[in-house]
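Novice: Take a look and give me a structure for this.
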Amino acid sequence: MDQALILMGVIGKPHGVRGAVHVHAYTDNPASLAAFALRDQRGRRIELAWVTEGVARVTLHEPGGKVTVADRDAAARLVNVQLFVERAALPPADDEEFYLADLIGLAAIGADGTSHGTITAVHDYGAGASIELDDGSLLPFTRAVVPEIDLAAKRAIVVPPIEIEVRG
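Specialist: Coordinates of the predicted model:
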């Protein structure tokens, strides 16, 4: 996916029989998704109209015009469709804040100056975010492990946790 696009959420399972879907937003204010020009993985424009908290009706911008999803089968075909927004459409981050996507490409540097590689991805499966380095290792994205982020210098200070190998 284009680096200028930021993943904002994903469409979940259908809700009812009239085409509504659950929407899992990756924002502090899920309702704000409806205000953005959302696109899916193929670049297709998607509009959301909230029915209730976390549940929305979807309108797809197809080549032939707008199509509002109106039944459960059509809604089921949208499960796992990712919702992206252009980076330029997002408000600037406040001081001492950043978007998780801004971490990708930063050098991961130890407190002693040792290079740990480059951040290649940020994962968040609900229990807390983790950063992936180019060697495939994962680090928890916590203040203890990533105490400093300097976007201007394109680096993140990392303090990898002490690993304990459990033997059976």
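
Novice: all strands in the protein, in order from the N-terminus.
Specialist: With DSSP state E, the ranges of strands along the chain come out as 5-15, 20-25, 38-39, 45-52, 55-62, 65-68, 82-86, 107-110, 115-124, 129-133, 138-140, 148-150, 155-158.

Novice: most packed of these?
Specialist: Mean neighbour count (mean count of other CB atoms under 10 Å) peaks for strand 38-39 among those, with a mean of 22. C-beta here means a position set from N, CA and C on the backbone, and glycine is covered the same way.

Novice: Would you check how far apart the closest residue to residue 23 other than its chain neighbours and residue 80 are?
Specialist: Nearest-residue entry for residue 23: residue 56, 5.0 Å, with adjacent residues in sequence omitted and distances by CB to CB, 6 or more residues apart in numbering. Residue 56 sits 15 Å away from residue 80, going by CB to CB, to the nearest Å.

Novice: How about residue 156?
Specialist: If you go by CB to CB, the gap between residue 156 and residue 80 works out to 30 Å.

Novice: can you check residue 138 too?
Specialist: 22 Å.

Novice: again, but for residue 70
Specialist: Between residue 70 and residue 80 the distance is 20 Å, computed by CB to CB.

Novice: of those two, who's got more company?
Specialist: residue 70 (14 against 10; other CB atoms under 10 Å).

Novice: ok, now which ones touch the more buried one?
Specialist: 18-19 (CB atoms under 8 Å, 6 or more residues apart in numbering).

Novice: Domain parsing of this protein, as residue ranges.
Specialist: Listed by automatic domain parsing, the domain ranges of the chain are 5-89, 100-158.

Novice: Tabulate the ones you listed (a markdown table), appending mean pLDDT.
Specialist: Rendered in a markdown table, the data for the domains of the chain read as follows (pLDDT from 0 to 100):
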| stretch | mean pLDDT |
| --- | --- |
| domain 5-89 | 95 |
| domain 100-158 | 93 |
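
Novice: Much appreciated, bye for now.
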